[in-house]
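**Q** sequence unavailable; structure follows:
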């Protein structure tokens, strides 16, 4: 199932894109007006495709792509001169003006790319595993004076050295410091 998220600050643009997609049989799961709302929606749905303008209330499409990393694909729709400013390679671009056919074919291509990616992607961590890793990083930072990045690398390195999953290594760190 496609997790399509439409994020435009302007309500008319948001509604127009949603209507185009819905008329073509593509279901929009969430419609939002800010990058923060889009990020929360992607994380809640564990991925998706975000269709947005170049600029949202608090961030650009490139910022949104950076914040979401590989969790979502970003399709920025804007005039060509604005899209040129979007230097993030993870942002797909659709210049205005565009037809409904252009939009629909681009979305279908992104859905296919996403499905291919998820078939080959390693299994995702559970919320418990993510929580354990975060807790272990916090303990390393407070007890050992590491930065967040150093704590992350420490867990990665220890996991690779022992052949254990990062979550298992995190649980051992929690047991050690608790």
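**A** Now that the structure is in, tell me what you want to look at. Because the structure is predicted, anything quoted here is derived from the model rather than measured. Numbers count the residues shown, from 1 in each chain.

**Q** check which helices and strands the least confident helix or strand in the chain by mean pLDDT sits against.
**A** When the helices and strands of the chain are scored by mean pLDDT, DSSP states H and E, helix 100-120 comes last with a mean of 82. Applying 3 or more C-beta pairs under 8 Å, 6 or more residues apart in numbering; DSSP states H and E, one finds that helix 100-120 contacts helix 11-23, strand 48-53, strand 72-78, strand 91-95. In short, each C-beta sits where N, CA and C put it, glycine included.

**Q** what is the neighbour count of residue 144?
**A** Residue neighbour count, defined by other C-beta atoms under 10 Å, stands at 12 for residue 144.

**Q** residue numbering should commence at 15 henceforth.
**A** With the count now opening at 15, the last piece we talked about shows up as residue 158.

**Q** wait, what's in contact with it?
**A** residue 165 (C-beta atoms under 8 Å, 6 or more residues apart in numbering).

**Q** in stretch 91-107, what counts as buried?
**A** Residues of stretch 91-107 classed as buried by neighbour count (16 or more other C-beta atoms under 10 Å): 91, 92, 96, 97, 100, 105, 106, 107.

**Q** ditto for stretch 116-134
**A** For stretch 116-134, using 16+ other C-beta under 10 Å, the buried residues are 117, 118, 120, 121, 124, 125, 128.
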